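[1] Dropping a prediction and its sequence here:
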Amino acid sequence: MEELKVEKAIQDIYPDDIAWCYGCGRLNDDGHHLRTGWHGDKTITIYTPESKYMGIPGFIYGGLIASLIDCHGTGSAALALHRKNGHEIGDGAEPPRFVTANLNVDFLKPTPQHVPLKAIGTVEEIHPKKWKVETEVYAQDTLCARGTVVLVVMPSTFLNKND
Ligand SMILES: CCCCCCCCCCCC(=O)SCCNC(=O)CCNC(=O)[C@H](O)C(C)(C)COP(=O)(O)OP(=O)(O)OC[C@H]1O[C@@H](n2cnc3c(N)ncnc32)[C@H](O)[C@@H]1OP(=O)(O)O
């Protein structure tokens, strides 16, 4: 697979109040800082896990792979609804906010450490408040995991819960 880089990521323009996700919040110093952008009509997140995210020596812990699929789903749905609303990253508009309603992962092959993982997503609108993202996770050219995420537009009850 060719070398890829995510130039413009939806997480780069998440408003500060929701940029704290452990997986994808740019303001969470301890987090993974996952970044998701367009890759043709697919979406892509590229991430090389640190050594500590080990399951069996040499292989990635499955929960980390689930996190990658989860946040890749959130970002992909936000990208897709943002575009449907007539916006692109960088035009100044705030992107839509999603939370995960359902996450399913098939671990197909052991996922090796120390190589970039590429999550490639296909986004489907169920209705304007509910989207589905099918994601394939590759380590180099090997398909290691496949996941489905159902995303729902974030209810207002998620805000102002920091006390
Ligand atoms: C700027 C960008 C920032 C983006 C945000 C940046 C932060 C990154 C977040 C990373 C991802 C996370 O970890 S998010 C955190 C983990 N997730 C959560 O905590 C979510 C907790 N769950 C909830 O709050 C709730 O269950 C919701 C919001 C998911 C659904 O509530 P609800 O009351 O059912 O909502 P409702 O409007 O009735 O439902 C909308 C539609 O979704 C369907 N639906 C509801 N639950 C499910 C489900 N589990 N599986 C399938 N479908 C479901 C309903 O049937 C309905 O479809 P229909 O019947 O109309 O067809």
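    Perfect, thanks for sending it.
[2] Contact partners for the residue sitting nearest the centre point of the chain?
    With distances taken as C-alpha atoms, centre = their mean, the residue of the chain nearest its centroid is His72 (1.3 Å). By C-beta atoms under 8 Å, 6 or more residues apart in numbering, the residues touching His72 are 34, 36, 43, 45, 119, 121, 133, 135, 149. In short, each C-beta sits where N, CA and C put it, glycine included.
[3] Lys109 against Thr142, yeah?
    Yes. When contacts are counted by C-beta atoms under 8 Å, Lys109 is listed as touching Thr142 (5.9 Å).
[4] Spell out whether the helix or strand hosting the residue nearest to the centre of the chain and the ligand are in contact.
    Secondary structure assigned from DSSP states H and E places His72 in helix 62-84. Yes. Residues of helix 62-84 contacting the ligand under C-beta under 6 Å from any ligand atom: 70-71, 74, 78.
[5] re earlier: where's the residue nearest to the centre of the chain relative to Glu136, distance?
    10 Å (C-beta to C-beta, to the nearest Å).
[6] Could you name every residue contacting both of the two?
    Common contacts of His72 and Glu136 (C-beta under 8 Å, 6+ apart): 119, 121.
[7] Enumerate the residues of the protein near the ligand.
    So the chain meets the ligand at 14, 18, 21, 23-24, 70-71, 74, 78, 95, 97-102, 127, 129-130, 150, 152, 155 (C-beta under 6 Å from any ligand atom).
[8] returning to that earlier point: quick check: the gap between the residue nearest to the centre of the chain and Ala145.
    For His72, the distance to Ala145 equals 11 Å [C-beta to C-beta].
[9] Same question for His127.
    27 Å.
[10] go on, Leu79?
    From Leu79 to Ala145 the distance is 21 Å (C-beta to C-beta).
[11] Which one's more surrounded, those two?
    A side-by-side neighbour count of Leu79 and Ala145, using other C-beta atoms under 10 Å, places Leu79 first with 26 against 23.
[12] what residues are up against that one?
    By C-beta under 8 Å, 6+ apart, the neighbours of Leu79 are 10, 36-38, 43, 89, 95, 123.
[13] can you do 6 Å?
    The contact partners of Leu79, taken as C-beta atoms under 6 Å, 6 or more residues apart in numbering, are 10, 43.
[14] What distance do you get for it to Val115?
    For Leu79, the distance to Val115 - C-beta to C-beta - is 25 Å.
[15] now do Ile18
    As judged by C-beta to C-beta, Ile18 and Val115 stand 30 Å apart.
[16] And those two? Which one has more around it.
    Using other C-beta under 10 Å, the more surrounded residue of Ile18 and Val115 is Ile18, with 17 against 14.
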